[in-house]
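>>> have a look; sequence and predicted model below, questions after that.
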Amino acid sequence: MKRYIKILTIKLLCLSLLFSGALIVGAETQSNQAELASNAKSAILMDVNTGTVLFEKNSHVKLPPASITKVMSLILIMEALEQGVISLTDSVTASENASKMGGSQIFLATNEQMTVKELLTGIAVVSGNDATVAMAEHLAGTEAEFVKMMNQKAKELGLKNTNFTNSHGLPDSSHYTTAYDIAIMSRELLTRYPEITEYTKIYSDYLRQDSDRPLWLVNTNRLVKFYEGADGLKTGYTSEAKYCLSATAKRDDLRVLAVVMGEPTSTIRNKEISEMFNYAFSKYKSEPIVRRGQVVENVFIDKGETNTANVVAENDMHLLLKKSENSDDYIKETYLPDKIIAPINQNEPIGYMTINKGNQEIARVSLVLEQDVQRAGFIQLLARTTEYWFGANID
């Protein structure tokens, strides 16, 4: 069993109501009594940094999500980009199946070619069903295989009330999710791939601008233009699902996520999302404790090619604070093993940092090395041993 030593303790002036970044918990019982999303069939309001639920209404009821489905499709596209499976400049050829998609579209022609970046823009801005299917087929061969990937990712994220039968969200009785599950997958997209907002915040753009078939794109999410701080995320509408939206906005260090499903009109949908945002920004603020990649310690590496390496935070760690609370002392503590032996991969957690109030752990983030450290070779180790015993400076 790995033994950890506590190497750092710092007092923090924080507000007294804090939440774990590792758990999804309710902010306060009275928040559920807030008069929000009165017209929605279901809704949820979440702090993105910590996953804290600030408000919810029927959030675990299974409902058709319409094009919010594409949040999961975007996760898989961004994952493929991260892993180098595809690049933004790759050319994608639209199949006849993709070009025949109905609903929202960018009007792909059979065998038309677009780059991954162009299709990603078409999905994020105007919710193109044809663009989504083209990317699904490009990544998985067929849309059916891509849907298997979507459902597998849903399982990995712990989504217990979600099942996908297509990549785009057009109606199917076996295609469903919940406001809560949408919030979880939306948070995954925002925290793991924050660059997605560079696409979802676009209000207007062009595809094929210099061709004889130019297409002017106008974002289906009007809030990115008319609500301060809004920069995503995904709208949805079918006659079965009614008006749905997974929306995000950021002010200062507080990023919130609001989901509504089954709204009667787009106007009411946008109004109620705005009210949910207003509620969050009026009552809460977020304090960053450590940023992703921030150096926390410099540690000795036993038998490594280098003797020391920087330890960094694997992810951001924030505290969600109620604006009305009085300040209290919280403790930040860093735990690292008493011995780190090479080789070790930079993505392998080697310790953790916590925020505690008394005996209660409030938040935790894993710590990793800033870079890989390979094991030193025999000659290098022998030279170090010689220098240690004889003081020879030959390493």
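All right, it came through fine.

>>> what helix or strand is residue 61 on?
Of the helices and strands defined by DSSP states H and E, none includes residue 61.

>>> surely it touches residue 180?
No - look at residue 61 against residue 180 with CB atoms under 8 Å: they stay out of range, at 9.1 Å. (Glycine included, C-beta is placed from N, CA and C.)

>>> let me see the ranges of the helices in the stretch 101-250 of the chain.
116-126, 129-140, 143-156, 179-192, 197-200, 223-226 (DSSP state H, counting those that start in this stretch).

>>> check these for me and report the most buried one.
Per-stretch averages of neighbours, counted by mean count of other CB atoms under 10 Å, single out helix 129-140 among the helices of the stretch 101-250 of the chain, with a mean of 26.

>>> tell me the helices and strands packed up against it.
helix 70-82, strand 91-93, helix 96-99, helix 116-126, helix 143-156 (3 or more CB pairs under 8 Å, 6 or more residues apart in numbering; DSSP states H and E).

>>> turn these into CSV, columns for mean pLDDT and distance to residue 208.
CSV is the format used below for the helices and strands packed on helix 129-140 (pLDDT from 0 to 100; distance: least, CB to CB, whole Å):
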stretch, mean pLDDT, distance to residue 208
helix 70-82, 98, 21
strand 91-93, 98, 14
helix 96-99, 97, 14
helix 116-126, 98, 9
helix 143-156, 98, 24
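
>>> make JSON lines out of the ones you listed and add distance to residue 352.
JSON lines is the format used below for the helices and strands packed on helix 129-140 (distance: least, CB to CB, whole Å):
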{"stretch": "helix 70-82", "distance to residue 352": "24"}
{"stretch": "strand 91-93", "distance to residue 352": "41"}
{"stretch": "helix 96-99", "distance to residue 352": "45"}
{"stretch": "helix 116-126", "distance to residue 352": "34"}
{"stretch": "helix 143-156", "distance to residue 352": "22"}
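
>>> out of the ones you listed, which gets nearest to residue 350?
helix 70-82 (22.2 Å; CB to CB).

>>> could you chop the chain up by domain?
Here the domain parsing of the chain from automatic domain parsing is 4-19+291-390, 34-285.

>>> now do the end-to-end distance for the last one.
I take that to be domain 34-285. 18 Å (CA to CA, to the nearest Å).

>>> going forward, count from 53.
Shifting the count to begin at 53 puts that one at domain 86-337.

>>> quick one, phi/psi of the spatially closest residue to residue 266 that is not a sequence neighbour?
Leaving aside its sequence neighbours, residue 266 sits nearest to residue 260 (CB to CB, 6 or more residues apart in numbering; 5.2 Å). With angles defined as degrees, to the nearest 10, residue 260 sits at phi 50, psi 40.
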